[in-house]
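[1] Sequence first, predicted coordinates after that:
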Amino acid sequence: MKLKEINWFALVGAVLLLALVPISLYFSWWRLIIGENLFAVNTSPVNTNFSLMGAPLTSPLVWAINVIGMLTLTASGIILLIYSVFPAKSFSMDLLSFGYRKPLYMVITYVVGLVVSTVLVQTFSGISVPVSGTFNVVLPSNLTMGATISVAVFSAFQWPFWLAIVAAGICIAARFYHRRVSFEAVNKAKTSDSPVIAPSCIQC
């Protein structure tokens, strides 16, 4: 295996995906804080946790979704890693097709789910939750027994989210780079299969 036969974009993308799994376990993609430790959310596709007044809240459904996200990222990274060193094999395109799409789909699904969740929170609780930024929000009167209470709301995407976008972009680049790797492999095969013509004898 020569170095030029490796799909470097797929290799780098695979390493980033495999590194993203443990990173996302300890560092969230998105964080929300309401008030002084009144309510907090730290979320990523592999680990989501809530806390109310410092007390953790759990949900079996959220845990199951996180497990699926962890398995998806891990499988995508491993498959891309295998493909990256065997990009010219007969099965390589199947591996690439499975691996390069998953990070992009996960980022898109995560953002859509986040936006939908904030809309649902605002619809049912009356609390406006920004996707990113710092705002002062007046709590609904039915939650404060008629008193007017304003709390600070902070939300922001964290650096692992941007790392995930970079990883997804590199995986997409691996798909386009596959054409070059395949072209070089085909030319190499044609060259190796071409017959060797013996030099003609001019004087015997």
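    Perfect, I can see it now. Residues are numbered from 1 along each chain as shown.

[2] what sits against residue 60?
    With contact set as C-beta atoms under 8 Å, 6 or more residues apart in numbering, residue 60 has no partners. Every C-beta, even on glycine, is put in place using the N, C-alpha and C of the backbone.

[3] How many neighbouring residues does residue 110 have?
    Counted by other C-beta atoms under 10 Å, the residues lying close to residue 110 total 18.

[4] Each with direction, which strands does the lengthiest strand in the chain pair with?
    Taking DSSP state E as the criterion, the chain has its longest strand at strand 150-157. Partners of strand 150-157 in the sheet, by DSSP bridges, are strand 30-34 (antiparallel), strand 133-138 (antiparallel).

[5] And the average pLDDT for the first one is what?
    Per-residue pLDDT values across strand 30-34 average out to 89.

[6] Other residues contacting that strand?
    For strand 30-34, the surrounding residues in contact (C-beta under 8 Å, 6+ apart) are 39-44, 114, 127, 129, 137, 151-158, 161.

[7] Recalculate using a threshold of 7 Å.
    Residues outside strand 30-34 that contact it (C-beta atoms under 7 Å, 6 or more residues apart in numbering) are 40-43, 114, 129, 151, 153-158, 161.

[8] How far off centre is that strand?
    What separates the centre of strand 30-34 from the centre of its chain is 20 Å, taken as C-alpha atoms, centre = their mean, to the nearest Å.

[9] Double-check that residue 89 belongs to a helix.
    No - using DSSP: H, G, I helix; E, B strand; the rest coil, the secondary structure at residue 89 is coil, not a helix.

[10] so who does it touch?
    For residue 89, no contacting residues are found, by C-beta under 7 Å, 6+ apart.

[11] Return the backbone torsion pair for it.
    In terms of degrees, to the nearest 10, the main-chain angles of residue 89 are phi -70, psi 160.

[12] So it versus residue 82, what's the distance?
    Distance, residue 89 to residue 82, by C-beta to C-beta, to the nearest Å: 10 Å.
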